[in-house]
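Visitor: Quick one: sequence plus predicted model below, questions after.
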Amino acid sequence: MKLKKILVRAKKSAGWATLLSLILFIQVSAQEIDGREASLVARDNVALETAVDPNEYVIGPGDEILVGLWGGVNQLLPVAVTPEGTVLIPSVGEARVGGLTLTDAKKEVRAAIAKRYPTIEASVTLTKIREVKVKVSGAVNSPGVYSLPAYSRTSEAIAKAGGLAPSASKRNIELVRQTGEKKPADLLRFERTGEGRANPRVVEGDRIVVPYRSTPWGEILVAGEVNAGGVFEPRLDDSLKILIAIASGLTAGADSAKVERVWKREGKTEREIVDLRTLNPHDIAVRPEEQIFVRSLPGLAPKAFVSVKGEVAFPGYYDIEEGKTKLSEVIARAGGFTPRAILSSAYILRGGYFDPLFEIGDNVNPALIEKMNKEDLNFYLEKSRWKGAVVACDFVGLFERKGPDKDVPLYSWDEINVPRTSGSVYVLGRVARPGLLSFRGDDRLGDYIRRSGGYSAGADRGKVKILKSVSGGWIKGSSGSRVDAGDVVLVPRRETHFWSTFRDAMAVAGNAAALFFVVREATR
């Protein structure tokens with residue numbers, strides 16, 4: 001209505017020309033305001049996992065907010081948080097917001113505006129998230145100070161630092177505020193449960209300390225009727241509820257009235273049956289090295305399990321249907337292989353007692369047996385008796401060449417081992433530059449010889465051997481032979497007829513000299 005009266009007055013006082021100019025001015029002004037507001041709201045397009053929680057986000061220097069004034073004065077005022085933690089609002093003054101949550105900061109700004117304009121309504125909107133610097137130290141690949149958006153989590157800062165080192169702890173990470181406050185970070189718990197408190201958000205000046213896992217000592221086993229059982233690194237504040245959650249919860253066939261805890265005290269094994277229906281599992285502390293077994297409901301067959309170790313995304317225990325679940329299914333559930341996995345060295349051990357005299361034909365790769373001499377065979381059998389039977393399985397053919405015929409069924413307590421690539425091939429013997437060479441998947445034996453500077457004088461090119469990292473056995477090598485990471489290439493010295501004759505002559509001479517001295521001493 002007010003705009004209509006203004007236009008009528010303008011028409012009467014100044015005519016159509018002035019009226020047209022006024023309309024154009026209003027349209028242009030409205031477009032500028034709309035465009036300005038849009039650009040202010042979307043000026044920083046930071047990727048966020050979720051909308052900012054105003055009760056969680058803490059305002060700091062570098063944040064930008066948009067103050068809207070509505071009523072007697074209509075304005076959009078973009079203001080930035082100063083290094084001192086304040087905002088300067090035109091025609092209003094200063095408001096201190098640094099260190100406050102977004103919710104409290106909005107209250108502070110509105111209170112400052114109300115003192116100057118009691119009848120005006122005010123809106124406060126966060127339009128830009130600041131960058132913060134965080135120090136990451138300990139068991140990460142690239143320790144240092146990194147910049148990242150203030151609403152980021154601890155795991156994102158660790159990713160900036162190159163990720164966790166191979167022997168890093170995943171459950172005992174610590175985030176230290178400038179005030180000295182310490183917040184625990186349990187990344188495994190966050191991955192399995194999505195609990196935000198297990199992966200706290202960072203602010204400026206935070207230090208993230210990633211410890212090394214000291215030893216496998218203390219690991220806790222969670223098995224039975226859970227969705228993703230396994231052996232887990234312990235934390236001092238572990239409880240039964242936390243560990244079952246990390247194991248992805250109970251299955252539909254779990255008997256929650258019969259959860260067995262097993263631990264050792266002074267060398268003696270102690271057991272306890274816990275009824276989760278009547279107890280609060282969060283209040284039950286779990287000791288390091290404890291074993292937790294969730295039993296099946298009466299009438300249900302107990303689950304069969306396999307373990308997956310080494311270079312997969314989620315090592316641990318996985319339930320299977322014996323003789324039906326295939327290797328490829330379990331690897332998929334374990335998140336697939338890491339970039340460091342060496343499939344040519346991966347293997348499966350069949351659990352339980354292994355009698356080589358009766359089961360060798362069924363469980364051990366016959367191709368390896370046929371090439372072994374007596375000593376190697378004895379060693380292989382002793383090794384098999386000690387660690388279980390090696391199941392014949394071509395990981396490369398199954399996963400890299402996509403050969404479904406290479407898939408194998410699994411049985412209870414099978415152990416799938418995926419070792420880490422050494423990334424190197426060792427070439428020694430009669431080459432120009434013996435030593436370690438970086439592994440290249442497409443290179444053959446001849447390529448590694450060339451990269452070592454070629455054969456040197458006296459090399460026996462027809463007797464080159466490769467010590468395989470998988471089997472520990474020697475094979476004869478040719479130029480096109482495949483070489484895997486961790487293999488050793490040996491180029492022996494060629495024995496000429498001259499050197500063979502010379503060696504024999506020297507041996508005879510040595511024996512004659514020894515006999516001469518013995519005779520001389522005896523006849524003195």
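Guide: Okay, I see it. Numbering: from 1, shown residues only.
Visitor: Pull out the buried residues from stretch 341-354.
Guide: Ala341, Ile342, Leu343, Ser344, Ser345, Ala346, Tyr347, Ile348, Leu349, Arg350, Gly351, Phe354 (16 or more other CB atoms under 10 Å). From N, CA and C alone the C-beta is placed, and that goes for glycine too.
Visitor: Show the model's pLDDT score for Glu495.
Guide: If you check Glu495, the pLDDT there is 69.
Visitor: all helices in the stretch 51-200 of the chain, in order from the N-terminus.
Guide: Ranges of helices within the stretch 51-200 of the chain are 102-116, 154-160, 187-193, based on DSSP state H, counting those that start in this stretch.
Visitor: which other residues reach the first one?
Guide: Helix 102-116 is contacted by residues 52, 54-55, 57-59, 65, 67, 69, 87, 89, 91-97, 100, 120, 122, 124, 126 when judged by CB atoms under 8 Å, 6 or more residues apart in numbering.
Visitor: Any buried residues in that helix, and which?
Guide: Of all the residues in helix 102-116, those buried under the rule 16+ other CB under 10 Å are Leu102, Ala105, Lys106, Glu108, Val109, Arg110, Ala112, Ile113.
Visitor: Just name whatever secondary elements the longest strand along the chain is in contact with.
Guide: For the chain, the strand with the greatest residue count under DSSP state E is strand 254-265. With contacts taken as 3 or more CB pairs under 8 Å, 6 or more residues apart in numbering; DSSP states H and E, strand 254-265 sits against strand 268-274, strand 291-296.
Visitor: Of all those strands, which one is nearest Glu204?
Guide: Comparing those by their distance to Glu204 (CB to CB), the top pick is strand 291-296, with 40.5 Å.
Visitor: I'd like the mean pLDDT over stretch 328-346, please.
Guide: The model assigns stretch 328-346 a mean pLDDT of 86.
Visitor: where does the chain have low pLDDT?
Guide: Scanning the chain with the threshold set as pLDDT under 70 gives 1-46, 215-217, 281-282, 301-302, 351-388, 470-472, 495-524.
Visitor: Show me how it divides into domains.
Guide: As recorded under automatic domain parsing, the domains making up the chain are 1-39, 64-128, 131-210, 220-302, 306-418, 424-491.
Visitor: Ala47: which of the ones you listed is closest?
Guide: Between the domains of the chain, domain 131-210 lies closest to Ala47; by CB to CB that is 8.4 Å.
Visitor: Can you tell me how far Arg271 is from Arg277?
Guide: With distances taken as CB to CB, to the nearest Å, Arg271 is found 19 Å from Arg277.
Visitor: so Asp460 makes contact with Gly477?
Guide: No: taking contacts as CB atoms under 8 Å, Asp460 lies outside contact range of Gly477: 11.6 Å.
Visitor: Now do the buried residues in stretch 431-451.
Guide: Neighbour count says stretch 431-451 has Val431, Pro434, Leu437, Phe439, Asp443, Leu445, Asp447, Tyr448, Ile449, Arg451 buried, by 16+ other CB under 10 Å.
Visitor: circling back to that earlier point, more neighbours, Arg271 and Arg277?
Guide: Between Arg271 and Arg277, Arg271 has the larger neighbour count (other CB atoms under 10 Å), namely 10 against 7.
Visitor: Spatially, which residue comes closest to that one, not counting chain neighbours?
Guide: Spatially, and ignoring its direct neighbours in sequence, Arg271 is nearest to Val262 (5.3 Å; CB to CB, 6 or more residues apart in numbering).
Visitor: my read: that neighbour touches Ile273, true?
Guide: No: if you go by CB under 8 Å, Val262 and Ile273 don't touch, sitting 10.4 Å apart.
Visitor: between these two, which one's more packed in?
Guide: Val262 (14 against 11).
Visitor: any idea how far the more buried one lies from Val222?
Guide: Taking CB to CB, one finds Val262 at 12 Å from Val222.
Visitor: Between the two, which contacts overlap?
Guide: With CB under 8 Å, 6+ apart, Val262 and Val222 have common neighbours Ile292.
Visitor: Report the strands that pair with the longest strand of the chain, each with its relative direction.
Guide: strand 268-274 (antiparallel), strand 291-296 (antiparallel) (DSSP bridges).
Visitor: Tabulate those (JSON lines), appending distance to Lys258.
Guide: Shown next, in JSON lines, are the strands paired with strand 254-265 (distance: least, CB to CB, whole Å):
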{"stretch": "strand 268-274", "distance to Lys258": "6"}
{"stretch": "strand 291-296", "distance to Lys258": "4"}
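Visitor: Packed most tightly, which of the ones you listed would that be?
Guide: Highest mean neighbour count of those: strand 291-296, a mean of 20 (counted as mean count of other CB atoms under 10 Å).
Visitor: immediately after that strand, which helix or strand?
Guide: Next along the chain after strand 291-296, taking DSSP states H and E as the criterion, comes strand 304-310.
Visitor: can you list the residues that contact that next one?
Guide: So strand 304-310 is contacted by 223, 229-231, 314-322, 325, 330-331, 334, 341, 346, 410-420 (CB under 8 Å, 6+ apart).
Visitor: Buried by neighbour count, from those: which ones?
Guide: 223, 229-231, 315-320, 322, 325, 330-331, 334, 341, 346, 410-420.
Visitor: Restricted to strands, list those.
Guide: Of the buried ones among the contacts of strand 304-310, the ones assigned to strands by DSSP E are Ala223, Gly230, Val231, Gly316, Tyr317, Tyr318, Asp319, Ile320, Glu415, Ile416, Asn417, Val418.
Visitor: Check these and tell me the two furthest apart.
Guide: Once CB to CB is applied, those give Ala223 and Val418 as the farthest pair, at 20.4 Å.
Visitor: now the strands for the stretch 351-500 of the chain?
Guide: Ranges of strands in the stretch 351-500 of the chain, per DSSP state E, counting those that start in this stretch, are 389-391, 415-418, 424-429, 435-438, 465-467, 474-476, 488-491.
Visitor: Mind checking those for the one nearest to Ile246?
Guide: Across these, closest to Ile246 is strand 415-418 (CB to CB), at 20.4 Å.
Visitor: Which residues are in contact with Arg440?
Guide: Asp447.
Visitor: go again using 10 Å as the cut-off
Guide: Arg440 makes contacts with Val425, Asp447, Tyr448, Arg451, Val483, Ala485, as judged by CB atoms under 10 Å, 6 or more residues apart in numbering.
Visitor: quick one: the residue nearest to Arg271 from Val312, how far?
Guide: Separation of Val262 from Val312 (CB to CB) stands at 27 Å.
Visitor: Ok, which of the strands paired with strand 254-265 comes nearest Val145?
Guide: The closest of these to Val145 is strand 291-296. By CB to CB, the value is 40.3 Å.
Visitor: which other residues reach that closest one?
Guide: Residues outside strand 291-296 that contact it (CB under 10 Å, 6+ apart) are 219-226, 229, 231-232, 240, 243-244, 247, 250-251, 253-264, 269, 271, 273-274, 276, 284, 286, 302-303.
Visitor: same question, stretch 177-186
Guide: 153-155, 157-158, 169-176, 192-193, 195, 197-210, 233, 235-238, 242, 246.
Visitor: Try it again at 6 Å.
Guide: Residues from elsewhere that reach stretch 177-186, judged by CB atoms under 6 Å, 6 or more residues apart in numbering: Thr154, Arg171, Ile173, Glu174, Leu175, Val176, Ala198, Asn199, Pro200, Gly205.
Visitor: This completes my enquiry, with thanks.
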